[in-house]
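Engineer: How does the following fold in three dimensions:
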Amino acid sequence: MHRYINHFRPIYEFRAAIGWLLAAALMLLSDMPSAGYFSLFCVAMLLFRSAQVWRALKFRLAISTKWLAVLRIEALLALSARMRKTDDAMYLGTGFEWTQKHCQIAHDILRMPSSDIPGLARWLPQPIVERVEKLFAPAGSIADRSPQGKSWIHGMEPKKIQVPFHYKAMPGHTSVSGTTGSGKTRTYEVISTQVIHNPNDILIIVDPKNDGEWVARVKRECERTGRKFLYWKQAAPSQSIRLNPLENWSQPSEIPTRIAQLMEEGPFRQFAFLFIDRAVKGELYVGDKPNLRSILQYAQNGINNLLDRALQRFFPEAGKPDWEEEVMGYMQQVGQRPGGTRLDGMARLYIERFSDKGNGHEAIDGLIATFQHDRDHYGRIIASALPLLQMLATGETGLMLAPKADDFDDDREIWDIDKVIKQKAVLYVGADSLSNSMVAQAVMSMLLADIASVAGSIYNFYKKPPEIVLIVDEAAEAINEQMLQILNKGRGAGFKAFVAYQTRSDFTAKLGNVAKMQQVLGNLNNQLVLRLEDIDTAEWFCEKAGTTAIRNVVVSSSTSTGTEAHVGEFSGSVSRSTQLEKAPLIPHELIMQLPNLQYFLRISGGSVYQGRIPIIQG
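Structural biologist: Numbers count the residues shown, from 1 in each chain. So this is what the prediction gives:
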């Protein structure tokens, strides 16, 4: 434990410096022997005390002024390349490693009234204050005049470093939390810029808000590097690529799962899964490719046409080339009933000659069961899935999510997640959650499910997985079971996820219980925290950062006098003691008082940093 240092006492060294200055002058004016040598000694002490005064003034100005870092893109890329080569790390702005020393200073300041925190004299004119600030300003910084945050948090350490975020820690995934306006998007700009300029990294961004500055930055950096920039923009279809979220799957049941999970829990959701599963397997059997538009068509119009095509293929393959003649006989039987049709006869033939004897086909069995279901009951229970399918599969959104490959009038490119990864492109998905939140959430959820499926294929079949950086902003709007699987098992597939949110309760509200929320956060091993307004999330991070011991100075004084004593007689005592006490390494109050673009970073099982994200220019 280091000795206790009071950083906020009066600057007694200033008085000493004045004294040594006067002593040096008096020595030169005196006639005493060897006055010059004594004067040199006084000058040496003057320089020593002046250095102490300079450090004290610099510290006090640093804790009384907020700064914003500004960095040219060329400088950022140079720093990033150097840190990648020397430390195998990403650049996350300037800052310092947070230790017990800084914890001690923070607790000292938190115990003080805000008016007692030393800084520039408040009576100085503003022009003089600005000149002094420029004299002490860090390189590449401008004063931050915004009212948010406390200046002393970043200023308590004069020696700043480039904060490293090591690539070996990234596969553990990273949470990025911060309230609105605290700097999450700027943070992501710094991260995504460095990822784009690393040719081995693949970048996929899911942004519910569709931030224009972030899009412009990603596009500009792709142009610098010559990488393919893909933009899926829900609000502007003409500017968007077409992206099929049902393109990649390992098992047919994945497709109904992705759609049914968008519905509320209950029997209607289970029936929707059952119907979609039967339709998908039927489409695959006849050689069609399932998509949102075809699934909507079968939900609205029934599966009669699909069943007819499936049976026409099945009978010849099952050794019944003359099946049409037998169907005619069955049609005479079913024709005696109201509504009997040729398809009824085909169904009877299939059931009696094949299904009942165990020689049927799974896909056709499912279609037959749907075909024979009571039509009125079927219409009522499938109605719950129709609004969702209608939103996703019709209009411009349907053309973007269920692209027609044979539509030669539409020259927008058609992509899917597997193709993005193989071609090392950069994909930016800009959902329109502000004006069309239901569709935006459904799109993001299905897209994350597609990413999880591709991750499973990479894990199973790739000898060397690619390096994939997945950034999900406002993740609570898109979280689903597949995203949990990406966080839980995505490391083996080369995924490094950055997940942004504002409060832990966002996940609890979306997932329905605290256990699921803890499962999400438990898979985010690194934490980057900007300013928070939610005390629960702040305390959770501080618990992650751990505890330390700080010194608490206790000063007591007393005086006494007796009734029989002389008026001038009294006794008194003053005592000063220090006590060790356990405290969080980072007080949660600091998390709620961070200025814009400042953060705390905890690397899993490693160091804790306090840093400041730069604003990129150029």
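
Engineer: List the residues that contact H154.
Structural biologist: When contacts are counted by CB atoms under 8 Å, 6 or more residues apart in numbering, H154 touches 62, 66-67, 95, 595, 598, 610, 612. Every C-beta, even on glycine, is put in place using the N, C-alpha and C of the backbone.

Engineer: could these be laid out in CSV, adding secondary structure?
Structural biologist: As requested, those are exported to CSV (DSSP: H, G, I helix; E, B strand; the rest coil):
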residue, secondary structure
A62, helix
K66, coil
W67, strand
G95, strand
P595, coil
Q598, strand
Q610, strand
R612, strand
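
Engineer: quick one: which of these is nearest I381?
Structural biologist: Distance ranking of the contacts of H154 against I381, using CB to CB, places Q598 first at 53.2 Å.

Engineer: In terms of helices and strands, where is I259?
Structural biologist: I259 belongs to helix 254-260 when assigned by DSSP states H and E.

Engineer: what does that helix rub up against?
Structural biologist: When contacts are defined by CB under 8 Å, 6+ apart, helix 254-260 is touched by residues 245-246, 249, 269-270, 272-274, 276-277, 280, 290, 292, 295, 385, 388-389, 445-446, 449-450, 453, 482.

Engineer: let's see it at 6 Å
Structural biologist: Judged by CB atoms under 6 Å, 6 or more residues apart in numbering, the contacts made with helix 254-260 from elsewhere in the structure are 246, 249, 269, 272-273, 276-277, 280, 290, 446, 449, 453.

Engineer: where does it sit relative to the chain's centre, distance-wise?
Structural biologist: In terms of CA atoms, centre = their mean, to the nearest Å, the centre of helix 254-260 is found 25 Å from the chain centre.

Engineer: Please export the C-alpha coordinates of that helix as PDB.
Structural biologist: Once non-C-alpha atoms are left out, helix 254-260 reads as follows in PDB (Å, rounded to 0.1, in the frame of the first residue of the first chain):
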ATOM      1  CA  GLU A 254     -34.700 -23.900 -38.800                       C
ATOM      2  CA  ILE A 255     -36.900 -21.900 -41.200                       C
ATOM      3  CA  PRO A 256     -40.100 -22.300 -39.300                       C
ATOM      4  CA  THR A 257     -38.200 -21.700 -36.100                       C
ATOM      5  CA  ARG A 258     -37.000 -18.300 -37.300                       C
ATOM      6  CA  ILE A 259     -40.500 -17.200 -38.200                       C
ATOM      7  CA  ALA A 260     -42.400 -18.700 -35.300                       C
END
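
Engineer: Going forward, count from 8.
Structural biologist: From this message on, residue numbering opens at 8, which makes the last subject helix 261-267.

Engineer: For stretch 66-84, list every residue counted as buried.
Structural biologist: Within stretch 66-84, the residues that count as buried by 16 or more other CB atoms under 10 Å are 66-76, 78, 80, 82-84.

Engineer: Just give me the least confident of those residues.
Structural biologist: Among those, A69 carries the weakest pLDDT, at 69.

Engineer: Could you pull up the residues touching S41?
Structural biologist: Under the criterion of CB under 6 Å, 6+ apart, S41 has no neighbours.

Engineer: Check the spacing between it and Y606 real quick.
Structural biologist: Taking CB to CB, to the nearest Å as the measure, S41 falls 58 Å from Y606.

Engineer: before we move on, what about M453?
Structural biologist: Applying CB to CB, the value for M453 to Y606 is 32 Å.
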